[in-house]
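Undergrad: sequence first, then the predicted structure:
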Amino acid sequence: MTQLQITAFGDPSVLKLNPSLDKVPADGEVRVRICFAGVNPIDAKTRAGLGWAAAQNKDKLPWTPGYDVAGVVESVGPGVASLAEGDLVCGMVGFPLAAGGYAESVVASEHELVKLDGVILQQGAALPLAGLTAWQGLFEHGELKAGQRVLVLAGAGGVGHLAVQFAAAYGAHVVATASGDNHSFLHSLGANRMVDYHQAEWFAEAIADGQFDLVLDLVGGESGKAALACVKPGGRLVTVPTITAQQIKDAGATAGVEVVGMLVHPDHKQLGQMLMLLRQGEVNIAIAGEFALSEGGLAHQTIEEGHVRGKLLLRMPAADGYSA
């Protein structure tokens, strides 16, 4: 099989196609012939040598990134009870250190995968990491309750547009920051109000009708610090970007605002719940574009330029055998 690997830390040109043999699944594992792989900001940050995943893998290059996959089970190891050959599945695999999704096949634990009954492969590949990040940020770390007010920074992005939908479906009042050309998109997803982050005082506009029980910060840095002003007494800010989490925690301590950093974790049950919402049509995933595996560098360039509405995917040759 072919895989796209980080051969050195740097710009997107360090991603190179390399051959590899299909692995044999061990006890409790299956091999998935990948049809689509999700492209996430963490992939590009790791390739650039930034963040915890890069630090942990700096001596393991070349390394195959990619955590989100959707495809067909083609080989089943001993002891596997929940999956069979031919099942269409998706999951967040090899998280956080193994990865391996930028490839034509991957071996994963059966507990990392969920059947895709009634959900197309593209949405299955786009969902896991972004969906779990949104879900856990809102409900595990943010403890969001129905009727509360939540502000989502970068609401039109891969994680953000799912967070807006999850929060709205849960009965929260949702405000999201986004560029002006994404406001109608966010309104269609259930956001009650949108704020253009290009405004110098966007945080003042955000709290025009009150502060928030929860701010989900998907941007970090100076934007995350500015958003501290949006948290009402007793509320909290959950910040996702790990690189600036400590800075925002320190600023929150000074301002008397609770700040929680988070790192997404695999959760089979949560993934199943989100797939149910997709099947029922209560949540939709925007696919911003598809790239061939050989175009992974272009996908990284696109995600680093920003302004991606929804998710980017890598399309593998195996996808041609399955209709959308």
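TA: Perfect, thanks for sending it. Numbering: from 1, shown residues only.

Undergrad: in the protein, what residue sits furthest out from the centroid?
TA: Pro78 (30.8 Å; Cα atoms, centre = their mean).

Undergrad: can you confirm that one is in a helix?
TA: No. When the secondary structure is assigned by DSSP: H, G, I helix; E, B strand; the rest coil, Pro78 falls in coil instead of a helix.

Undergrad: enumerate every residue touching it.
TA: If you count contacts by Cβ atoms under 8 Å, 6 or more residues apart in numbering, Pro78 has them with Ala26, Asp27, Gly28. Quick note: C-beta positions are derived from backbone N, CA and C, even for glycine.

Undergrad: try it again at 6 Å.
TA: Pro78 makes contacts with Asp27, as judged by Cβ atoms under 6 Å, 6 or more residues apart in numbering.

Undergrad: how about it, phi and psi?
TA: phi -60, psi 140 (degrees, to the nearest 10).

Undergrad: for Ser294, same thing?
TA: According to degrees, to the nearest 10, Ser294 has phi -70, psi -20.

Undergrad: could you give the number of residues near it?
TA: Residues within reach of Ser294, counting by other Cβ atoms under 10 Å, total 13.

Undergrad: how about the one 5 residues further on?
TA: For Ala299, the tally of surrounding residues (other Cβ under 10 Å) stands at 27.

Undergrad: wait, a helix at it?
TA: Yes. Secondary structure assignment places Ala299 in a helix (three-state DSSP).

Undergrad: next up, phi/psi of Gly51, please.
TA: The phi/psi pair for Gly51 (degrees, to the nearest 10) is phi 90, psi 180.

Undergrad: now Phe95, what's its secondary structure?
TA: Criterion first, three-state DSSP; result for Phe95: coil.

Undergrad: was I right to think it contacts Tyr67?
TA: Yes. Between Phe95 and Tyr67 a contact is recorded at 5.1 Å, counting by Cβ atoms under 6 Å.

Undergrad: so which of those two has more stuff around it?
TA: Tyr67 (27 against 21).

Undergrad: now do the contacts for that one.
TA: With Cβ under 6 Å, 6+ apart, Tyr67 has these contacts: Met92, Phe95, Ala99, Gly101, Leu129.

Undergrad: ok, it to Ala53 distance?
TA: 10 Å (Cβ to Cβ, to the nearest Å).

Undergrad: same thing with Met276?
TA: Counting by Cβ to Cβ, the gap from Met276 to Ala53 is 30 Å.

Undergrad: what does Thr133 give?
TA: Distance from Thr133 to Ala53, by Cβ to Cβ: 14 Å.

Undergrad: cool, Pro266 as well?
TA: Taken as Cβ to Cβ, the span from Pro266 to Ala53 is 15 Å.

Undergrad: for the residue nearest to the spatial centre of the chain, helix, strand, or coil?
TA: Here the mean C-alpha position of the chain is nearest to the C-alpha of Ala130 (Cα atoms, centre = their mean), at a distance of 2.0 Å. Remark: Ala130 carries the secondary structure label helix [criterion: three-state DSSP].

Undergrad: give the contact list for Val114.
TA: Here Val114 is in contact with Leu271, Gly272 (criterion: Cβ under 6 Å, 6+ apart).

Undergrad: what sits opposite it in the beta ladder?
TA: Val114 has these beta-bridge partners by DSSP bridges: Cys90.

Undergrad: let's see the pLDDT reported for it.
TA: With respect to pLDDT, Val114 scores 97.

Undergrad: cool, and Ser323?
TA: Predicted confidence (pLDDT) for Ser323: 58.

Undergrad: repeat for Val238
TA: For Val238, pLDDT reads 98.

Undergrad: try the one 10 residues further on
TA: Taken from the predicted model, the pLDDT recorded for Ile248 is 98.

Undergrad: for it, what are its contacts?
TA: Gly224, Lys225, Thr239, Val259.

Undergrad: please enumerate the helices of this structure.
TA: Taking DSSP state H as the test, the helices found in the chain are 41-47, 51-57, 121-126, 128-135, 158-169, 183-189, 202-206, 221-226, 245-255, 268-279, 296-305.

Undergrad: could you dump these to JSON lines with distance to Thr7?
TA: Output for those, formatted as JSON lines (distance: least, Cβ to Cβ, whole Å):
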{"stretch": "helix 41-47", "distance to Thr7": "10"}
{"stretch": "helix 51-57", "distance to Thr7": "12"}
{"stretch": "helix 121-126", "distance to Thr7": "24"}
{"stretch": "helix 128-135", "distance to Thr7": "23"}
{"stretch": "helix 158-169", "distance to Thr7": "25"}
{"stretch": "helix 183-189", "distance to Thr7": "37"}
{"stretch": "helix 202-206", "distance to Thr7": "40"}
{"stretch": "helix 221-226", "distance to Thr7": "29"}
{"stretch": "helix 245-255", "distance to Thr7": "29"}
{"stretch": "helix 268-279", "distance to Thr7": "31"}
{"stretch": "helix 296-305", "distance to Thr7": "11"}
